[in-house]
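> Predicted structure and sequence below. I'll ask about it afterward.
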Amino acid sequence: MKSPLPVRIVGSAARIIEEAAAWWGRNRPKAPDAFDIDLENALTLIASHPEIGIRALNVSLEGVRRVHLARVRYHLYYRLTDEPAVEVLACGIRVEHTRRNYES
């Protein structure tokens, strides 16, 4: 088995992660550590298996993938660098638009 790759989190992603973790701690009393736990699990996973995430569409950088932190409903966007290392580029909620048909 290969050794896990180093993981770097870019500045803008680090700020969003800090804000999201703080929000969860304040607003989710039944699971205040859920964001931190899910993030840690995702970082461990992509460090060991960087190909696991699905390819992100509509991004300007090449090779960007994303994993879903299902319990907290965030996506973590990252890419594999030439070093090799995993670079976390963004973290956020992905909004899906659906069209509903209502009958009168």
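Received it, and whenever you're ready, just let me know what you need.
> Can you give the contact residues for stretch 12-27?
When contacts are taken as C-beta atoms under 8 Å, 6 or more residues apart in numbering, the neighbours of stretch 12-27 outside the stretch itself are 9, 31-36, 39, 72, 74, 77, 88-92. C-betas here are computed from N, CA, C, even on glycine.
> Restricting to C-alpha, output it in CSV.
Extracted in CSV, the C-alpha atoms of stretch 12-27 (Å, rounded to 0.1, in the frame of the first residue of the first chain):
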residue,chain,number,x,y,z
SER,A,12,-9.3,30.8,0.5
ALA,A,13,-10.4,27.2,1.2
ALA,A,14,-8.8,27.3,4.7
ARG,A,15,-10.9,30.4,5.6
ILE,A,16,-14.1,28.8,4.4
ILE,A,17,-13.3,25.6,6.3
GLU,A,18,-12.7,27.6,9.5
GLU,A,19,-15.9,29.5,9.1
ALA,A,20,-17.9,26.3,8.4
ALA,A,21,-16.4,24.5,11.3
ALA,A,22,-17.2,27.4,13.6
TRP,A,23,-20.8,27.7,12.3
TRP,A,24,-21.3,23.9,12.9
GLY,A,25,-19.9,24.2,16.4
ARG,A,26,-22.4,27.0,17.3
ASN,A,27,-25.5,25.9,15.4
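> Work out which residue lies at the spatial centre of this structure.
Centrality entry for the chain: nearest residue to the mean C-alpha point is residue 76, 1.3 Å, by C-alpha atoms, centre = their mean.
> in a strand, that's where that one is, yeah?
Yes: note on residue 76: a strand contains this position according to DSSP: H, G, I helix; E, B strand; the rest coil.
> beta partners for the residue nearest to residue 63 when sequence neighbours are not counted?
In space, residue 63 comes closest to residue 79 once its chain neighbours are excluded; the distance is 4.6 Å by C-beta to C-beta, 6 or more residues apart in numbering. Beta-bridge partners recorded for residue 79 (DSSP bridges): residue 87.
> Number of residues surrounding residue 79?
Using other C-beta atoms under 10 Å, residue 79 has 18 neighbouring residues.
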